[in-house]
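*Asks:* coordinates only, sequence not included:
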């Protein structure tokens, strides 16, 4: 997602001729999707015993990129007067625990929110822990080495997996550290390194990428390499996850309660892990 | 939910002194919740092999009670100009496939959307078929006899169950029949009979009530007996379900991707069945 002040960089990047050569080329979205087709999860029985809620409570106070509330509620009915209670919401798609649909960073006809197949929303959950490095620096990133270490311990990342970065950042959700704004207006929080994104595309059949921070790309990113590499392959992203410490690194199933809204580029999402 | 023209009835009802004596008495919500505490689903392993999407695509065209769009999208960013795509939504809480949180029809401090325990959102799914009667009359209702017939065939309704009415109405979602407005402005679609609601409260530990129509109460209702009996017991409702023919009558699990929005009385929800 794009912070105030970073749009110039994106505009510049989009106008560079060589932008259209790289993995981040949204103009080549169709080719990217063809090169790295998501692979469905294996059709096999899955079981669970309990539920873990991986969703932050959304409110006007939840931090956003936009320096304005991600949601505002306007009361439409009050039970004392109307017999029932009801609100209307004004909601920015990319705020709170939310989906990035492929179209969010794609020029071509990649999936809008309602077009994502339901089978892609129930996925084997892979949790990659980078908390130790993130505690040392808010600019930490999940790297290919982190993914290889996970695979060395738990086996290959399954087809159809949702791969989650656990940086421990959910603890900071209502503090200044969550955004980590510096004196220059830049931001500091962990994210996914472009090389890790490329590793997932080339070496695995993962279809979802999830973070417990504001963005798939780390706060210092101005080029949004992970967004531009991942989403145009018709894969989805999920930001502002919670409670990754309460699920196992391997073996759980995550259910992405993504909004089925026509034309949407993402939106507020309930995320429940089945453990 | 309240249709244009029916508010007078609700106001009248709320002002009637004897209103506060019946099961629909929102003033007695605390007592109702104490009398009929929801029972959690049994803690036992559950398994599944496939996913069925029970969610309608939400768009400004999806029919609502309000004779106005349930959602409107306003573009905030376009990839050609901004480097990414994004909208802001204006969204009425009770439109599309959506949750009724207990507070929607409660005066007291019953659960708002974000307060519903996550364990209540993953529930044994009970599907009660009234399609034959609904095909004969749009004013058909699910009755205690329907529930007893289900139990005779499949055993007791499980604790923590989400009980769904399958009236076949999802087929009519984008036709005039879905709302069934008559010349007097009244509506005609199936719903849950108050006696069936009372049966579920008294005889079962069900915690969710779901319909494939616009409202838990049938279209001809002006007293909203099911809403007023069910929601103040701290149980939730779900309206405008789809694809109930694609899930078994017994044995599936339903995941309610309800919005975790502070103070919300419900809201747009992704519903996925695990079969």
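*Replies:* It's in. Please read all numbers here as calculations on a predicted model, not as lab measurements. Residues are numbered from 1 along each chain as shown, chains lettered A, B, ... in the order given.

*Asks:* helix/strand/coil for the residue of chain A most remote from its centre?
*Replies:* Within chain A, the residue lying farthest from the chain centre (C-alpha atoms, centre = their mean) is residue A:81, at 40.9 Å. Using DSSP: H, G, I helix; E, B strand; the rest coil, the structure places residue A:81 in helix.

*Asks:* next, residue A:39: phi, psi?
*Replies:* phi -110, psi 130 (degrees, to the nearest 10).

*Asks:* what is the neighbour count of the residue lying closest to residue A:52 once chain neighbours are set aside?
*Replies:* Of all residues not flanking residue A:52 in the chain, residue A:273 sits nearest, at 4.2 Å (C-beta to C-beta, 6 or more residues apart in numbering or on different chains). All C-beta atoms are positioned from the backbone trio N, CA, C, and that covers glycine. Using other C-beta atoms under 10 Å in any protein chain shown, residue A:273 has 25 neighbouring residues.

*Asks:* so residue A:273, which state does it fall into?
*Replies:* Going by three-state DSSP: residue A:273 is strand.

*Asks:* burial check on the nearest residue to residue A:44 once chain neighbours are set aside, number of neighbours?
*Replies:* Closest residue to residue A:44 apart from its sequence neighbours, by C-beta to C-beta, 6+ apart: residue B:49 at 7.3 Å. Residues lying near residue B:49 (other C-beta under 10 Å) number 10.

*Asks:* where does the residue farthest from the centre of chain A land on pLDDT?
*Replies:* Per-residue confidence at residue A:81 stands at 95 (pLDDT).

*Asks:* same question for residue A:103.
*Replies:* For residue A:103, the pLDDT comes out at 96.

*Asks:* ditto for residue A:34
*Replies:* Looking at residue A:34, its pLDDT is 80.

*Asks:* if I look at it, how far off is residue B:227?
*Replies:* 50 Å (C-beta to C-beta, to the nearest Å).

*Asks:* picking up where we left off before, my guess is the residue nearest to residue A:52 meets residue A:247, correct?
*Replies:* Yes - the pair residue A:273 / residue A:247 is scored as a contact, 4.7 Å apart, by C-beta atoms under 8 Å.

*Asks:* pull up the overlap in contacts between the two.
*Replies:* A:52, A:54, A:125 (C-beta atoms under 8 Å, 6 or more residues apart in numbering or on different chains).

*Asks:* in chain A, which residue sits closest to chain B?
*Replies:* Here chain A gets closest to chain B at one residue, residue A:257, 1.8 Å apart by C-beta to the nearest C-beta.

*Asks:* which residue packs closest to that residue, ignoring adjacent ones?
*Replies:* Leaving aside its chain neighbours, residue A:257 sits nearest to residue B:257 (1.8 Å; criterion: C-beta to C-beta, 6+ apart).

*Asks:* contact partners for the one you found?
*Replies:* Shown in contact with residue B:257 (C-beta under 8 Å, 6+ apart): A:255, A:256, A:257, A:258, A:269, A:270, A:272, B:121, B:269, B:270, B:271, B:272.

*Asks:* so which strand or helix has the first one?
*Replies:* Take DSSP states H and E as the rule and residue A:255 turns out to sit in strand A:252-257.

*Asks:* partner strands of that strand, with direction?
*Replies:* The strands beside strand A:252-257 in its sheet (DSSP bridges) come out as strand A:122-129 (antiparallel), strand A:270-274 (antiparallel).

*Asks:* any idea which helix or strand comes after that strand?
*Replies:* strand A:266-268.

*Asks:* report the separation between the residue farthest from the centre of chain A and residue B:102.
*Replies:* 19 Å.

*Asks:* now do the residue farthest from the centre of chain A against residue B:85, distance only.
*Replies:* Distance, residue A:81 to residue B:85, using C-beta to C-beta: 40 Å.

*Asks:* residues from the stretch 151-275 of chain A in reach of chain B?
*Replies:* A:224, A:227, A:255-270, A:272, A:274 (C-beta under 8 Å from any C-beta of the partner chain).

*Asks:* the residue most central in space within chain A: what secondary structure?
*Replies:* In chain A, the residue lying closest to the centroid (C-alpha atoms, centre = their mean) is residue A:238, at 2.4 Å. Secondary structure for residue A:238, judged by three-state DSSP, is strand.

*Asks:* likewise residue A:170?
*Replies:* Secondary structure, three-state DSSP: residue A:170 is helix.

*Asks:* go ahead and confirm it touches residue A:239.
*Replies:* No - counting by C-beta under 8 Å, residue A:170 does not reach residue A:239; the two are 11.3 Å apart.

*Asks:* compare the two (neighbour count), which wins?
*Replies:* residue A:239 (24 against 19).

*Asks:* Provide a list of residues in contact with the more buried one.
*Replies:* Shown in contact with residue A:239 (C-beta under 8 Å, 6+ apart): A:1, A:94, A:97, A:98, A:100, A:210, A:211, A:213, A:214, A:215, A:216.

*Asks:* try 6 Å
*Replies:* With contact set as C-beta atoms under 6 Å, 6 or more residues apart in numbering or on different chains, residue A:239 has these partners: A:98, A:211.

*Asks:* so it bridges to which residues?
*Replies:* Under the criterion used (DSSP bridges), residue A:239 bridges to residue A:98.

*Asks:* helices along chain A, start to end?
*Replies:* Using DSSP state H, the helices of chain A run over residues A:7-15, A:29-35, A:79-82, A:131-136, A:144-154, A:194-203, A:225-230.

*Asks:* and among those, the most buried is which?
*Replies:* helix A:225-230 (a mean of 28; mean count of other C-beta atoms under 10 Å in any protein chain shown).

*Asks:* for the record, mean pLDDT for that one?
*Replies:* On average, helix A:225-230 scores 97.

*Asks:* and the residue nearest to residue A:129 when sequence neighbours are not counted, how many neighbours?
*Replies:* Distances taken as C-beta to C-beta, 6+ apart place residue A:166 nearest to residue A:129, at 4.8 Å, with adjacent residues excluded. Residue crowding around residue A:166 was assessed by other C-beta under 10 Å; the count is 23.

*Asks:* quick one, what contacts residue A:166?
*Replies:* Contacts of residue A:166 (C-beta under 6 Å, 6+ apart): A:127, A:129, A:244.

*Asks:* for the first one, give me its contacts.
*Replies:* Same thing as residue A:127. With contact set as C-beta under 6 Å, 6+ apart, residue A:127 has these partners: A:164, A:166, A:244, A:249.

*Asks:* tell me how many other residues surround residue A:62.
*Replies:* Neighbours of residue A:62 (other C-beta under 10 Å): 20.

*Asks:* and the gap between it and residue B:264?
*Replies:* In terms of C-beta to C-beta, residue A:62 sits 13 Å off from residue B:264.

*Asks:* list the buried ones in stretch A:63-71?
*Replies:* By 16 or more other C-beta atoms under 10 Å in any protein chain shown, the buried positions in stretch A:63-71 come out as A:63, A:64, A:65, A:66, A:69, A:70, A:71.

*Asks:* quick revisit: of the shared contacts of residue A:273 and residue A:247, buried ones?
*Replies:* Among the shared contacts of residue A:273 and residue A:247, those buried by neighbour count (16+ other C-beta under 10 Å) are A:52, A:54, A:125.
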